[in-house]
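Chemist: Below are the sequence and a predicted model; questions follow.
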Amino acid sequence: MNKLLRWLFFAAFIRPFLTIIMGLNVRNRSRLPESGPAILVANHNSHLDTPVIISLFPHSLLPHLRPVAAQDYFFSTRFLKWFSTQIMGIIPIARIRSKESTGTDPLAPISAALKNNDIVIFFPEGTRGRPEQMADFKSGIAILAQRHPEIPIVPIFLHGLGKALPRGEALLVPFFLDVFVGEHLKWTGDKAEFLTALNERFTALAEEGHIPDWT
Amino acid sequence: MFDYTHLTTSVRWAIGVIFGLLLMSELILTLVSHLISEKSLKEIRLRIRTWWVIAASLLGALIFSRVVSLVFFAFISFLALKEYLSMIPTRRADRRVIFWGYFAISVQYFWIYVDWYTMFLIFIPVYAFLFLPLRMVLIGETKDFLKAVSTLHWGLMMTVFALSHMAFLLNLDPGRNPAGQGAGLVLYLVLLTELNDIAQFIWGKLFGKHKVIPKVSPNKTVEGLLGGIATSMLLSWLMAPYLTPLQPHTAVLFGLAISLCGFFGDVSISAIKRDIGVKDSGNTLPGHGGVLDRLDSLTYTAPVFFHLLKYFYY
């Protein structure tokens, strides 16, 4: 991670951009963890999701904010690889199991980051998918929670980014963004039960705001 | 850095009065907070704090230069349009059309910058009105077409066309209004519109009994409306000689017009919020709600004040 460039990118570009062009409406900001280790779980609509979540935290925590991202996508070009590791500080994980990766644990780098008191950003849908529609959560988050039962998992519901910059679109159209932070939860002892609990948090958060039709 | 020398003496006085009023409300709040529980005052405290920010940014915009003022007003239109479009249902297919809607803001304020009056008047009612459906047709999504094209244009008319009249006041010949010049007209309009809102609110709280349009806005009462009208007529009579070219008797009638228009601007935005099912249009202004909650009255008062003024004095 290039600390200086990363700080510059967020201070001089992302934050002014989010304040002036987009506009954030953050509800229950106080529920965000003040330090790591913690896992932030968010619904995924847009490439902007990660910068928005990172910008919710003070600059001092910047080195500790680590988004989990798919290696197959973010390592696809040299520039993207440099950008996502040096500026975004991603933890690359293998979404697709290849021959070399069999036998290795794809979630191991996340556990290492948590051990380092990092705040890990995780998108349990695994993909941006159809904009402003939530897909089922993959089991990765449950496995992670089971491995780290003491670490708080903070749900963050995002709305508006899928409208502003959905998958497959390069033209940005400004909309106000909603960020609803939920109360954290921890491993419940059962995979299905945990995923249901997490899903319920998201449903409740989505109902807190007004989400106009977008079809 | 602050160059206020281009502002007339009475405009500088008006700025002083605005901050004086804010200071006074803070003082009253401090006194009252000894009598009433802190909790019920939290909202009003927040609201006044936001008023400071609003007043400071408006005055900052007027103090620097004409270009800064225009950029500021364009940004206000942008915030209002963005809030409107974030609140209403939109179609995924229209992303590009909506982009052109935003683009229209810069074009509209460009006409003001180059002082092209006719184009300023017709650009959104004619050209944007024809172009946006055309762009939508080219995309080809016909489901909910009428709804999409009309809600977008209504938003542009309210947040860009109507509000931009406030900025065009700066273009009016300063020679005809030596007391206040352009900045004086803007201050008169904004101050009177907002004070009218507050007056209607306070009169309604004190004496409100008979609801005007309970289906749209249950808090609006005949008593509040009439009290607001009387207050605005008086305030207009007091302010007009320092900020506008209005004669005393016309000033009273302008106060009446601004008060009535402010009311209708307010309730038309209320009707939309009620239709959609939201209480506030947004969360940008703590204690107030969204920017549209504060600009609602201005969407009516700005164009009506502008054209009355233009017709009778310019």
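Modeler: Perfect, I can see it now. Everything numeric in this text was worked out from a predicted model, so none of it was measured.

Chemist: what element comes up after the lengthiest helix in chain B heading to the C-terminus?
Modeler: In chain B, with assignment by DSSP state H, the single longest helix is helix B:248-276. In the C-terminal direction, the helix or strand that comes right after helix B:248-276 (DSSP states H and E) is helix B:291-313.

Chemist: What residues of the longest helix of chain B count as buried?
Modeler: Neighbour-count burial for helix B:248-276 flags B:250-255, B:257-263, B:265-270, B:272-273 (criterion: 16 or more other C-beta atoms under 10 Å in any protein chain shown). Heads up, the C-betas are built off the backbone N, CA and C, glycines and all.

Chemist: Let me know the helix or strand that residue 141 is in.
Modeler: I went with chain A, as the question did not name one. A:I141 belongs to helix A:140-147, assigned by DSSP H and E.

Chemist: so B:K310 makes contact with B:L172?
Modeler: Yes. When contacts are counted by C-beta atoms under 8 Å, B:K310 is listed as touching B:L172 (7.4 Å).

Chemist: So for the two, which residue has more residues nearby?
Modeler: B:L172 (20 against 14; other C-beta atoms under 10 Å in any protein chain shown).

Chemist: What about the residue nearest to A:L114 when sequence neighbours are not counted? Give its phi and psi, please.
Modeler: Counting by C-beta to C-beta, 6 or more residues apart in numbering or on different chains, the nearest residue to A:L114 once its immediate chain neighbours are dropped is A:P37, at 4.3 Å. With angles defined as degrees, to the nearest 10, A:P37 sits at phi -80, psi 140.

Chemist: Repeat that for the one 3 residues further on.
Modeler: Main-chain dihedrals, A:L40, degrees, to the nearest 10: phi -100, psi 130.

Chemist: how far away is it from chain B?
Modeler: 21 Å (C-beta to the nearest C-beta, to the nearest Å).

Chemist: same deal with A:P212?
Modeler: Taking C-beta to the nearest C-beta, one finds A:P212 at 5 Å from chain B.

Chemist: any idea how far B:I36 is from the nearest residue in space to that residue that is not next to it in sequence?
Modeler: Nearest non-adjacent residue to A:P212, counting by C-beta to C-beta, 6+ apart: B:P89, 4.5 Å away. Going from B:P89 to B:I36 by C-beta to C-beta, to the nearest Å gives 41 Å.

Chemist: With B:L225 instead?
Modeler: 27 Å.

Chemist: Among those two, which residue is more densely surrounded?
Modeler: B:L225 (21 against 10).

Chemist: can you confirm the more buried one is in a strand?
Modeler: No. Going by DSSP: H, G, I helix; E, B strand; the rest coil, the assignment for B:L225 is helix, not a strand.

Chemist: That one and chain A, how far apart?
Modeler: B:L225 is 29 Å from chain A, by C-beta to the nearest C-beta.

Chemist: Quick one: name the residues of chain A near chain B.
Modeler: Applying C-beta under 8 Å from any C-beta of the partner chain, we find that chain A lies next to chain B at A:23, A:25, A:131, A:160, A:163, A:166, A:169, A:171, A:173-176, A:210, A:212-215.

Chemist: I'd assumed A:N116 was in contact with A:L65.
Modeler: No. Here A:L65 does not reach A:N116: they are 11.9 Å apart, not a contact under C-beta under 8 Å.

Chemist: And the residue nearest to A:P212, what's its pLDDT?
Modeler: Here the pLDDT value assigned to B:P89 is 94.

Chemist: which ones are touching it?
Modeler: A:212-214, B:147, B:151 (C-beta atoms under 8 Å, 6 or more residues apart in numbering or on different chains).

Chemist: picking that back up, give me the contact status of the longest helix of chain B with chain A.
Modeler: Yes. On the criterion C-beta under 8 Å from any C-beta, helix B:248-276 is in touch with chain A at B:I276.

Chemist: so how far is that helix from its chain's centroid?
Modeler: Computed by C-alpha atoms, centre = their mean, to the nearest Å, the separation of helix B:248-276 from the middle of its chain amounts to 10 Å.

Chemist: Okay, angle between it and helix B:291-313 too, please.
Modeler: Counting by axes from the mean of the first three to the mean of the last three C-alpha atoms, to 10 degrees, helix B:248-276 lies at 150 degrees to helix B:291-313.

Chemist: and helix B:248-276, what's its mean pLDDT?
Modeler: 95.

Chemist: Give the other helices and strands that it contacts.
Modeler: helix B:66-87, helix B:181-207, helix B:222-243, helix B:291-313 (3 or more C-beta pairs under 8 Å, 6 or more residues apart in numbering or on different chains; DSSP states H and E).

Chemist: export the third one as PDB, just CAs?
Modeler: Once side chains and other backbone atoms are set aside, the C-alpha atoms of helix B:222-243 remain, and they are given as PDB (Å, rounded to 0.1, in the frame of the first residue of the first chain):
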ATOM      1  CA  VAL B 222     -55.500  30.300   7.800                       C
ATOM      2  CA  GLU B 223     -54.300  32.200  10.800                       C
ATOM      3  CA  GLY B 224     -50.700  31.400  10.000                       C
ATOM      4  CA  LEU B 225     -51.200  32.400   6.400                       C
ATOM      5  CA  LEU B 226     -52.900  35.700   7.200                       C
ATOM      6  CA  GLY B 227     -50.400  36.500   9.900                       C
ATOM      7  CA  GLY B 228     -47.500  35.700   7.500                       C
ATOM      8  CA  ILE B 229     -49.100  37.900   4.800                       C
ATOM      9  CA  ALA B 230     -49.400  40.900   7.200                       C
ATOM     10  CA  THR B 231     -45.900  40.400   8.500                       C
ATOM     11  CA  SER B 232     -44.400  40.100   5.000                       C
ATOM     12  CA  MET B 233     -46.300  43.300   3.800                       C
ATOM     13  CA  LEU B 234     -44.800  45.200   6.800                       C
ATOM     14  CA  LEU B 235     -41.300  43.800   6.300                       C
ATOM     15  CA  SER B 236     -41.400  44.500   2.600                       C
ATOM     16  CA  TRP B 237     -42.400  48.100   3.400                       C
ATOM     17  CA  LEU B 238     -39.500  48.400   5.800                       C
ATOM     18  CA  MET B 239     -36.900  46.700   3.600                       C
ATOM     19  CA  ALA B 240     -37.800  47.900   0.100                       C
ATOM     20  CA  PRO B 241     -36.400  51.400   0.300                       C
ATOM     21  CA  TYR B 242     -32.900  50.200   1.200                       C
ATOM     22  CA  LEU B 243     -32.700  47.200  -1.100                       C
END
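
Chemist: Sweet, I'm off.
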